[in-house]
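Peer 1: Show me how the following folds:
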Amino acid sequence: MPSRRSLRRPATVSAVACAALATGLLTAPQSAGAAGARIHDIQGSTRLSPLAGQQVSDVPGTVTAVRSFGSARGFWVQDPHPDDNAATSEAIFVFTGGQTPKVAVGDAVTVAGKVSEYYPGGKDAGLQSVTEITGATWTVDSSGAKLPAAYRLNAASIPTRYAPRADGGNMESLPLRPRSYALDRYESLEGMRVSVAGAPVVGATNTHHELWVTAEPKHHRTARGGTLYDSYKDPNPGRVKVASLIPFSERPFPVADVGDELTGTTAGPLDYDNFGGYTLQATELGTVTDHGPAPESTRKQKTDELAVATYNVENLAPTTPQAKFDRLAAALVDHLAAPDVVALEEVQDDSGATDNGVVTAGATLKKLTDAIKAAGGPAYEWRQIDPANDQDGGQPGGNIRVAFLFNPERVSFTDIAGGDATTPVKVVDDHGKAALSASPGRIAPADPAWKDSRKPLVGQFSLKSRPGSRVFVVANHFNSKGGDQGLDSRFQPPARSSETQRIAQAGLVNAFVKDLLAKNPRADVVVAGDLNDYQFSPVLKKLTQGGVLTDLVGRLPRSERYGYVYNGNSQVLDHMLTSRHPARADYDIVHINAEYADQASDHDPQVLRIRP
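Peer 2: Numbers count the residues shown, from 1 in each chain. Sure thing, here's the model as predicted:
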């Protein structure tokens, strides 16, 4: 059977009642008239059932799909005799907990039970609810019924506007307008059979056997076949997650990359969960047609060019399988043409996720540099600063940090003593030139902006072919988006609570660069790393404030501005920025990971070439 994350609630029907408050189930006073209700009466014309908390009985419908695995078992039932209101769904999920329901697709049933609103992840997560029947009993009246036709999801049926806005932000009580808003359209189809045909894959198959397609193939298409996210105003309404209800022994889940196509028809009930929102739970799966492009490679830097790269290596530790080290090494050598300087993010300590007080990362970095040399690359050296234990966020015990690799054959690192976990680096005067009080050094490590977050690392480099050159590189990994409301939240626009900390972090880096430029307006400064935010975000506006830095992603063609794929949106989280002086910066996002089911990291690396 398909494997699945445990994503819902109690494993047995008997536990549902006692867990109702803990999982955010809505209740309402009992009322008469619930007997004989049809599904569209239960679903109603808003996101919340008018019968929530009430017992219903004699609810007729046809079983369209069964979930017979995991702790969220149950079946979908759809009324073959719909009303004429497009806002009211004609299907509902009957939740049976950990018990496999004794029904089959095509059974005509009448159902009784309690109407509940289930909030994936709990009500505080901000997601939408799923209307369900819990504590259910049912009778099978006949078998072999024809299934209702699946509603076709395509560019014509999905509105271009994404979501309505409501006073207070919560749109739950608003009447659904499925012809006006995409989220209203999906909600009006909750539980119903839907289909996509010839759908482009915009999110690669993940380890939970899910992928993302778009029902709007021409909307914001990237150069390599994904869907570009480049504005808060348009989250790309056609994105839908695809999972499978078909046992893998009968039909393995397709392995697809961004740019491929899910050919033929994929159909099943429309579900909603806390790992991606609206999900087509397939009872019929299309086949993958390979249209995806090959991984990219960038050009080699010229003799007088300094190549600086950034790469989030995703929780790299000595315990990481050697195969990943080898793939990262091959990427740096073959696909990134052995950059002179590499800003690494998510380098873990020498004991990995074991929380034992170890903070050193020499073993991690040696294992990576050894793999690079074995792959035919340079004998990189590294510089980094060990963080204070358990103070920089990330995987508990991992003590992730940013670090520099550099090729000593082509560049020199200016070592200046004094940098440690808590001492802030300062800009100092060196015979009329800008210099650092410590190299490497950390920017304002005690500032509250860096609480439970990685501190930026600053280093001073010189390109050996350009004697006297000074390039200041700032490696960054801003705090994550954890705690933000999802794009499909019931609150519109969704709150971005984590953004406040990143804005403060951006302000500190901006101020540091201003200090460098105040000492030397022609200083070569590169700010690089995983900033966990978009090029159009307030965070990047703060970082570039005053024109001290230019975000180079804006110089790429629009269809190439991405290096990360999340829930079917190709987007920018990693950035490279420069001060004004290196005007001829040559910048490339090298697509080798984010669009692929088989990836060494979930981020694509980036490389910048300048003449200092």
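
Peer 1: so what's the backbone phi/psi at the residue lying closest to Glu595 once chain neighbours are set aside?
Peer 2: What sits nearest to Glu595 in space, not counting adjacent residues and going by C-beta to C-beta, 6 or more residues apart in numbering, is Val258, at 3.6 Å. C-betas here are computed from N, CA, C, even on glycine. Main-chain dihedrals, Val258, degrees, to the nearest 10: phi -60, psi 140.

Peer 1: Can you give me the separation between Val258 and Gly357?
Peer 2: According to C-beta to C-beta, to the nearest Å, Val258 stands 41 Å off from Gly357.

Peer 1: between those two, who's got more neighbours?
Peer 2: Counted by other C-beta atoms under 10 Å, Val258 and Gly357 do not tie: Val258 has more neighbours, with 28 against 11.

Peer 1: so that one touches Arg221, yeah?
Peer 2: No - under the contact definition of C-beta atoms under 8 Å, Val258 does not touch Arg221, with a separation of 11.0 Å.

Peer 1: Now do the contacts for the residue nearest to Glu595.
Peer 2: Going by C-beta atoms under 8 Å, 6 or more residues apart in numbering, Val258 touches 201-204, 224-226, 292, 565, 570, 594-596.

Peer 1: repeat that for 6 Å
Peer 2: Val258 sits next to 201-202, 204, 225-226, 595 when contact means C-beta atoms under 6 Å, 6 or more residues apart in numbering.

Peer 1: do the same with Asn520
Peer 2: 433-434.

Peer 1: Next: Val427.
Peer 2: Shown in contact with Val427 (C-beta under 6 Å, 6+ apart): 434, 515-516, 519.

Peer 1: circling back to that earlier point, could the contacts of Val258 be laid out in CSV, adding distance to Gly486?
Peer 2: Converted to CSV, the contacts of Val258 look like this (distance: C-beta to C-beta, whole Å):
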residue, distance to Gly486
Val201, 21
Val202, 17
Ala204, 19
Gly225, 24
Gly226, 19
Glu595, 22
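
Peer 1: Show me which pair in the residues you listed is furthest apart.
Peer 2: With C-beta to C-beta as the measure, no two of the contacts of Val258 lie farther apart than Ala204 and Gly225, at 11.1 Å.

Peer 1: Which one's more surrounded, the two?
Peer 2: Neighbour count, other C-beta under 10 Å: between Ala204 and Gly225, Ala204 has more, with 25 against 21.

Peer 1: is it true that the more buried one touches Ala597?
Peer 2: Yes - between Ala204 and Ala597 there is a contact under C-beta atoms under 6 Å: 4.4 Å.

Peer 1: Surely Ser465 is in a helix?
Peer 2: No - counting by DSSP: H, G, I helix; E, B strand; the rest coil, Ser465 falls outside a helix, being coil.

Peer 1: Near it, how many residues? Count them for me, please.
Peer 2: Ser465 is flanked by 15 other residues according to other C-beta under 10 Å.

Peer 1: And Thr160, by the same measure?
Peer 2: Neighbour count of Thr160, defined by other C-beta under 10 Å: 13.

Peer 1: And Gly507, by the same measure?
Peer 2: Gly507 is flanked by 17 other residues according to other C-beta under 10 Å.

Peer 1: got the contact list for it?
Peer 2: By C-beta under 6 Å, 6+ apart, the neighbours of Gly507 are Lys542.

Peer 1: Report the mean confidence score over stretch 361-373.
Peer 2: In this model, stretch 361-373 has an average pLDDT of 98.

Peer 1: Now do the buried residues in it.
Peer 2: Of all the residues in stretch 361-373, those buried under the rule 16 or more other C-beta atoms under 10 Å are 361, 363-365, 367-369, 371-372.

Peer 1: Just these: which are in helices?
Peer 2: Those of those mapping onto helices are 363-365, 367-369, 371-372, per DSSP state H.

Peer 1: Looking at those residues, which two lie furthest apart in space?
Peer 2: The largest distance within those, taken as C-beta to C-beta, falls between Ala363 and Ile372 and amounts to 15.2 Å.

Peer 1: report the longest helix in the protein, please.
Peer 2: helix 499-519.

Peer 1: got the buried residues for it?
Peer 2: Buried positions in helix 499-519, judged by neighbour count with 16+ other C-beta under 10 Å: 499, 501-510, 512-513, 516-517, 519.

Peer 1: same deal with stretch 164-182?
Peer 2: Taking 16+ other C-beta under 10 Å as the neighbour-count basis, stretch 164-182 is seen to contain the buried residues 171, 174, 176-178, 181-182.

Peer 1: repeat for stretch 135-153
Peer 2: Going by neighbour count (16+ other C-beta under 10 Å), the buried part of stretch 135-153 is 135-136, 138, 145, 147-148, 150-151, 153.

Peer 1: contact partners of it?
Peer 2: Outside stretch 135-153, the residues that reach it (C-beta under 6 Å, 6+ apart) are 16, 62, 64, 78, 80, 94, 106-114, 189, 193-196, 215, 267.
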